[in-house]
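[1] Quick check, what structure comes out for this input:
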Amino acid sequence: MSCCENNESLFGQVKIDIEAPGFNLPAYDPLTDDETIVSSGSLAWKWIVLFFYPADFTFVCPTELKDMADARDIFETIWVEVLTVSTDTVYSHRAWVKHERLMQNFPYKMLSDHNLEIADAYNVLDEQTWIAGRGTFVIDPDGITRVIEITSGPLWRNSEELIRKIEALQHMRANPGIACPARWVKWNTTLTPSIKIAWEVYEALNK
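    Have a look, this model is predicted:
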């Protein structure tokens, strides 16, 4: 059952390879310049990226969101819905988009976790500052969390590496039983785990 269909998963703690916590949050949509509601239930059977960042009107955050915005066409091509999340209000989101030049033409909905419940469910809530950390979560069309990445506050993330991971996940989903080795990129050799190659991985990669 998808996380988008199971209300019991709402506010559950995130864990890798199990159903992701559900959510139902207000959001600012820069494309319509309006407030909306985004729920996990409306995203059933999609690939989802939840991109948590600490706060609006900060320093590293707009560089990260600009990087993600620049990759919009690629995310659309691989059928990924990107949602950014912070503990700011939708009003703060709108003001930031309107005033920060790096946020011009920002294409993704900006979720407002002002009650802190979703940041807590995804284990990125800083209980001293009450803001979200830099957390990236990839949820597959079955509602299963496939990537959990949390980085230190000043360290920015890379959309190219995120896309590489999603393409690998999609390839493995389409080809059950295979594994993608280190530095795998689209169309590279994959592995079929077996006792027969347990000590011959080099040969399996270079046959």
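[2] mind listing what Gly12 touches?
    Glu19, Pro21, Gly22, Ala121 (CB atoms under 8 Å, 6 or more residues apart in numbering). Bear in mind the C-beta positions are built from the backbone N, C-alpha and C, glycine included.
[3] which secondary structure element contains the closest residue to the last one other than its chain neighbours?
    It stands for Ala121. Leaving out its chain neighbours, the residue that sits closest to Ala121 by CB to CB, 6 or more residues apart in numbering is Pro21, at 4.0 Å. Using DSSP states H and E, Pro21 sits within no helix or strand.
[4] repeat for Leu111
    strand 109-112.
[5] per-residue confidence averaged over that strand?
    In this model, strand 109-112 has an average pLDDT of 98.
[6] ok, now how distant is the residue nearest to Ala121 from Thr36?
    Pro21 is 20 Å from Thr36, where distance means CB to CB, to the nearest Å.
[7] pLDDT-wise, which helix or strand of this structure ranks last?
    helix 201-205 (a mean of 90; mean pLDDT, DSSP states H and E).
[8] which of Pro21 and Thr36 has more neighbours?
    A count of neighbours by other CB atoms under 10 Å puts Pro21 above the other of Pro21 and Thr36, at 25 against 13.
[9] can I assume the more buried one is in contact with Leu50?
    No - shown here, Pro21 and Leu50 do not form a contact pair, counting by CB atoms under 8 Å, at 9.6 Å.
[10] The closest residue in space to Val85 that isn't next to it in sequence bridge partners, please.
    Distances taken as CB to CB, 6+ apart place Leu111 nearest to Val85, at 4.3 Å, with adjacent residues excluded. Counting by DSSP bridges, Leu111 is bridged to Ala27, Val85.
[11] What about Gln128, how many residues nearby?
    With other CB under 10 Å as criterion, Gln128 counts 6.
[12] And it, how far from Gly153?
    From Gln128 to Gly153 the distance is 12 Å (CB to CB).
[13] In a helix, Val97, correct?
    Yes - counting by DSSP: H, G, I helix; E, B strand; the rest coil, Val97 is located in a helix.
[14] tally of neighbours for the residue nearest to it when sequence neighbours are not counted?
    Of all residues beyond its chain neighbours, the one nearest Val97 is Met103 (4.7 Å), with distances taken as CB to CB, 6+ apart. Met103 has 19 neighbours, counted by other CB under 10 Å.
[15] repeat for Arg164
    16.
[16] Let me know the pLDDT of it.
    97.
[17] Which helix or strand contains it?
    helix 159-174.
[18] Now the helix or strand containing Glu81: average pLDDT?
    Element membership of Glu81, judged by DSSP H and E, is strand 80-86. For strand 80-86, mean pLDDT is 98.
[19] what helices or strands is it leaning on?
    strand 47-52, helix 60-70, strand 109-112, strand 131-132 (3 or more CB pairs under 8 Å, 6 or more residues apart in numbering; DSSP states H and E).
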